[in-house]
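Student: Let's see this in three dimensions:
(chains A and B)
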There are 2 protein chains.
Amino acid sequence: MGLVVQKYGGSSVADAEGIKRVAKRIVEAKKNGHQVVVVVSAMGDTTDELIDLAEQVSPMPSGREFDMLLTAGERISMALLAMAIKNLGHSAQSFTGSQAGVITDSVHNKARIIDVTPGRIRTALDEGNIAIVAGFQGVSQDKKDITTLGRGGSDTTAVALAAALDAEVCEIYTDVDGVFTADPRVVKKAKKIDWIAFEDMLELAASGSKVLLHRCVEYARRYNIPIHVRSSFSGLQGTWVSSEPLVQKTQQQGDQKVEQAIISGVAHDTSEAKVTVVGVPDKPGEAASIFRAIADAEINIDMIVQNVSAATTGLTDISFTLPKTEGRKAIDALEKAKSVIGFESLRYDDQIGKISLVGAGMKTNPGVTAGFFEALTDAGVNIELISTSEIRISVVTRADDVNDAVRAVHTAFGLDSDSDEAVVYGGTGR
Amino acid sequence: MGLVVQKYGGSSVADAEGIKRVAKRIVEAKKNGHQVVVVVSAMGDTTDELIDLAEQVSPMPSGREFDMLLTAGERISMALLAMAIKNLGHSAQSFTGSQAGVITDSVHNKARIIDVTPGRIRTALDEGNIAIVAGFQGVSQDKKDITTLGRGGSDTTAVALAAALDAEVCEIYTDVDGVFTADPRVVKKAKKIDWIAFEDMLELAASGSKVLLHRCVEYARRYNIPIHVRSSFSGLQGTWVSSEPLVQKTQQQGDQKVEQAIISGVAHDTSEAKVTVVGVPDKPGEAASIFRAIADAEINIDMIVQNVSAATTGLTDISFTLPKTEGRKAIDALEKAKSVIGFESLRYDDQIGKISLVGAGMKTNPGVTAGFFEALTDAGVNIELISTSEIRISVVTRADDVNDAVRAVHTAFGLDSDSDEAVVYGGTGR
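Tutor: Prediction:
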């Protein structure tokens, strides 16, 4: 029995009852012979309440002070959780990000972990304690200021600690049973995935799946730390995310070999908008000047598609997608660079949605792309943009079509829960 | 213009409006040319809410985790205050107790400050910042654990920082106008004291005055840091507490010499109970064995009085007062040691009150004691215990008599606000 890192999100510790429930589960793991490190988020709405307060005193709070403020949230939940564990007769100590050795860069509100030096955690474990660590926070290497890791940061804290402590597994406890083949709110027949490879999980996360964030999976892949995503409200096995299908000893089912599916799942995302730069001279350097303007405005973009230029005019259109929240900034940046770039006009469309099919099996199963387009055609969904990677196909459609499209694709690839096996598409194609 | 330490209590920063109001006042001091260090408590009821949460998860929370929990409170208020100041166009940085170099012993929930190493504060000031420091908290010297200083700890933080930074003055902002000659809720004609010596303030604090706590005044006296207690809701001069009457340059009144009064004030305290150990053999070592039993139970006591023993029995009674909250523990400790001590019975009385008259002038003005007792007699108040120091007389009465007694003494010593000077009592000495 080795070391386990468990991470509990805000919904799992939303109130005193939740904290006591989580404490029991942690003590179970300890009783089973594990060394246990727990990473915990702020309780329920605490972070939102603190953000509200900040907005009341200052419209543009400084990053340093904002981080100082927000990190109070985990301080509260971790201390309460340690108390609840002690109340069950087990010793526990809580540690801030700084105390736990989570060293970051100095980019407040979205710092990156540079190093983890968990000396105090190791000592606490060796003395027989359960160690409770504040998620989402660290301390900057140069100035020793408190930093936060941004959205989903607690998952990253957990994986980073698991790597630094050479943990057997990083368990991410949440309010759903695991990673599903599609969003269960959209697809009633979505199935829980038993195992998924890091690569597929990365693509799902990049395509709109919200269970795990991209950077957390990336970190786990780099250090080869298996992640087990599961519910804090049940004892069920969740989804294992790792480099290869593990033979898992599960409590319910004994030894179990999980096989890799051809298609892992269908993800969708309606948080993006599409910008089309119309009438761009089709000559070298044009695309570069457009995306230089966007990059200088510090905007991250997603898909890029360039149409074939019209032979008569020598002009082409370039479209790209980006988070809706960045739309205004992108338009401003492009308008400002209009004379340099030399385009005709801009079109902005925030009524789009993206549907992605993800699966490492695509590489060796030709016909997946064709099947994907056929399913969309049968559902009457019009495709506006297409983008592919080795293990993913994504299309942009009207936002209104997204739910129908996801359901159609999910059914077509045999992912619905009443069918037992994924359908393998033959035929030509990729 | 030197360095000023300002301390704001929880009622001054109870909400966003309060924080913005306090921010303006801090910026004023900065504009007046001071270097400004601000010590801030947790917002309004935050600490109570956190204690509630702790009680919900554990009936006996560990000291270490309790301190970790409570220190979230100042983290929130200090970050918000720094944001509010920045919003007014001035630079500010917030620091936890640990970051500010407040080093304590390891006694959780009531740690003592061992050292203050304010290197980061000094740097922040030198770079032109206003430094905001979390009150009430520090870090333990040996284990580097977060500690809290116990009730009134933020005042002590402020004075300790003022001493370490060699501040001109430590301003304690609160919701009253200063220190009064008696509790204004009891004595309508109580007067604000313009200046009071450390020694008198120490006696008032020990006798039930709640404006400043004893340990904070003690610290200020040791390092000779003048304290200015004043309201955060007005611009009025408050009460100066220092070693000798200062010539103060006040904003309202220009140069002003404050004279020392013979009597500083009347304090009262109804938080204590009286324990009487009845029928103690009047022989050496008896008192010692009683108070050893009390000390071993870690109970602090206040007054002690031993009656003359009755010649016929050779037995005596010993009475002492202690906080009501410690009453149960004291009785248990004495009952347990009954066979060793050899007393007859115990009497416990929590319906008592203490009235104290404080003033350095007592030393050189005979007759103060007589005047004190005469005033009580005239008010029909019966005296149960008497205890004196060089500059204080205290009596224990029925709790119901306390308010009448305080008013009678306040009037008799000319402290009422419509009389201009303290009455000097002649006659034979005290």
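
Student: Which residue, neighbours along the chain excluded, lies closest to the residue nearest in space to the middle of chain A?
Tutor: The structure's chain A has its C-alpha centroid closest to residue A:213; by C-alpha atoms, centre = their mean the separation is 1.5 Å. Leaving aside its sequence neighbours, residue A:213 sits nearest to residue A:152 (C-beta to C-beta, 6 or more residues apart in numbering or on different chains; 3.5 Å). Placement of C-beta: from N, CA and C, glycine included.

Student: List the residues that contact the one you found.
Tutor: By C-beta atoms under 8 Å, 6 or more residues apart in numbering or on different chains, residue A:152 lies in contact with A:212, A:213, A:215, A:216.

Student: Pretty sure residue A:349 sits against residue A:320.
Tutor: No - judged on C-beta atoms under 8 Å, residue A:349 makes no contact with residue A:320 at a distance of 11.4 Å.

Student: tell me, what's touching these two both at once?
Tutor: A:274, A:275.

Student: the more surrounded of the two?
Tutor: residue A:320 (23 against 16; other C-beta atoms under 10 Å in any protein chain shown).

Student: Who are the packing partners of the host helix or strand of the more buried one?
Tutor: Here residue A:320 sits within strand A:315-323, counting by DSSP states H and E. Taking 3 or more C-beta pairs under 8 Å, 6 or more residues apart in numbering or on different chains; DSSP states H and E as contact, the helices and strands that strand A:315-323 lies on are strand A:272-281, helix A:286-296, strand A:304-306.

Student: Point out the most buried one among the ones you listed.
Tutor: Ranked by mean neighbour count under mean count of other C-beta atoms under 10 Å in any protein chain shown, the helices and strands packed on strand A:315-323 are led by strand A:272-281, which reaches a mean of 20.

Student: Would you mind listing the residues in contact with the residue of the stretch 101-250 of chain A found nearest chain B?
Tutor: Residue nearest to chain B within the stretch 101-250 of chain A (C-beta to the nearest C-beta): residue A:144, separated by 7.5 Å. Each residue near residue A:144 by C-beta under 8 Å, 6+ apart is listed here: B:99, B:120.

Student: Look up the pLDDT of the nearest residue to residue A:363 once chain neighbours are set aside for me, please.
Tutor: Nearest residue to residue A:363, sequence neighbours excluded (C-beta to C-beta, 6+ apart): residue A:390, at 5.9 Å. Among the per-residue scores, residue A:390 holds a pLDDT of 85.

Student: Then the one 3 residues further on?
Tutor: pLDDT, the model's per-residue confidence, is 91 for residue A:393.

Student: all helices for chain A, in order.
Tutor: A:16-31, A:46-57, A:63-70, A:72-87, A:119-126, A:153-164, A:198-206, A:214-223, A:286-296, A:327-336, A:338-341, A:368-378, A:402-412 (DSSP state H).

Student: Next, the buried residues of the first one.
Tutor: Within helix A:16-31, the residues that count as buried by 16 or more other C-beta atoms under 10 Å in any protein chain shown are A:16, A:18, A:19, A:20, A:21, A:22, A:23, A:25, A:26, A:27, A:29, A:30.

Student: with these in mind, which one is nearest to chain B?
Tutor: residue A:16 (3.5 Å).

Student: How about the contacts made by that closest one?
Tutor: Residues near residue A:16 by C-beta under 8 Å, 6+ apart: A:80, B:53, B:56, B:57.

Student: so which of the residues you listed is the most crowded?
Tutor: Ranking the contacts of residue A:16 using other C-beta under 10 Å puts residue A:80 first, with 33 neighbours.

Student: ok, now which ones touch that residue?
Tutor: Taking C-beta under 8 Å, 6+ apart, we find residue A:80 in contact with A:13, A:16, A:19, A:43, B:53, B:54, B:57, B:65, B:69.

Student: if we can go back for a sec, the residue nearest to residue A:363 contacts residue A:359, correct?
Tutor: No - contact status for residue A:390 versus residue A:359: not in contact, 10.5 Å apart, counting by C-beta under 8 Å.

Student: Pick out whichever of the two has more residues nearby.
Tutor: residue A:359 (27 against 10).

Student: and the gap between the more buried one and chain B?
Tutor: 44 Å (C-beta to the nearest C-beta, to the nearest Å).

Student: can you give me phi and psi for that residue?
Tutor: phi 180, psi 130 (degrees, to the nearest 10).

Student: list the contacts for it?
Tutor: A:200, A:261, A:262, A:263, A:264, A:265, A:368, A:391, A:392.

Student: let's see 7 Å
Tutor: Going by C-beta atoms under 7 Å, 6 or more residues apart in numbering or on different chains, residue A:359 touches A:200, A:261, A:262, A:263, A:264, A:391.

Student: Got phi/psi on the last one?
Tutor: The main-chain torsion angles of residue A:391 are listed as degrees, to the nearest 10 and equal phi -120, psi 20.
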